[in-house]
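Enquirer: fold the following and give me the result.
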Amino acid sequence: MIALAVAAVGQVLPGKGIQKGIKFPEYDRQSGKIRSLLTSATALQQKGGPIQLTGVRLETYSYDSGQRKVELVVETPHCLFDVEKRIANSPGAVNVYRTDRRVSLTGEGFLWNSESGLLIVSNNVRTVVFDDDARGN
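Expert: Model prediction:
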């Protein structure tokens, strides 16, 4: 875990201005498999604070017969990411959906803890759940 945090910090360099195409992976300590990946179009390291990200996409993964599958996607125009605590948050719009499109959620304001996998969407939450009959399956 410590090596992961060091690698992530190495990607966003303080004082270097806006950087593009930044990735923050989170790995399972026991299996070594990637659990989630936070990506952003741009990143700006704040002096003594979290990284400002724009064009943010978070994917969480599950494994079936050794094959990695995207399970959940979280998208937001911008957020702050604390590399040391591995927490992303924003008061802005957020869109969350399962890749099988059975559940989608929109709202305003979120907090995501990459270590625990906890995602909280706090305001104006709208959830849509589809069953197989509604999707024509």
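Enquirer: just the strands from this protein, written as ranges.
Expert: All strands of the chain, identified by DSSP state E, fall at 19-27, 34-45, 51-64, 67-82, 87-98, 103-113, 118-129.
Enquirer: surely residue 94 touches residue 78?
Expert: No: with contact defined as Cβ atoms under 8 Å, residue 94 does not reach residue 78; the gap is 10.4 Å. The C-beta positions use only the backbone N, C-alpha and C, and glycine is treated the same way.
Enquirer: the two: which is more packed in?
Expert: Per other Cβ atoms under 10 Å, whichever of residue 94 and residue 78 has more neighbours is residue 94, with 25 against 16.
Enquirer: per-residue confidence at residue 47?
Expert: If you check residue 47, the pLDDT there is 81.
Enquirer: next, count neighbours for the closest residue to residue 90 other than its chain neighbours.
Expert: Nearest in space to residue 90, with sequence neighbours left out and distances taken as Cβ to Cβ, 6 or more residues apart in numbering, is residue 79 at 3.7 Å. Residues near residue 79, counting by other Cβ under 10 Å, number 25.
Enquirer: same deal with residue 61?
Expert: Under the criterion other Cβ under 10 Å, the count of neighbours that residue 61 has is 16.
Enquirer: likewise for residue 118?
Expert: Neighbours of residue 118 using other Cβ under 10 Å come to 10.
Enquirer: show me what contacts it?
Expert: The contact partners of residue 118, by Cβ atoms under 8 Å, 6 or more residues apart in numbering, come to 111-112.
Enquirer: beta partners for it?
Expert: residue 113 (DSSP bridges).
Enquirer: how much space separates it from residue 110?
Expert: 11 Å (Cβ to Cβ, to the nearest Å).
Enquirer: same deal with residue 128?
Expert: 17 Å.
Enquirer: check residue 121 too.
Expert: Taken as Cβ to Cβ, the span from residue 121 to residue 110 is 5 Å.
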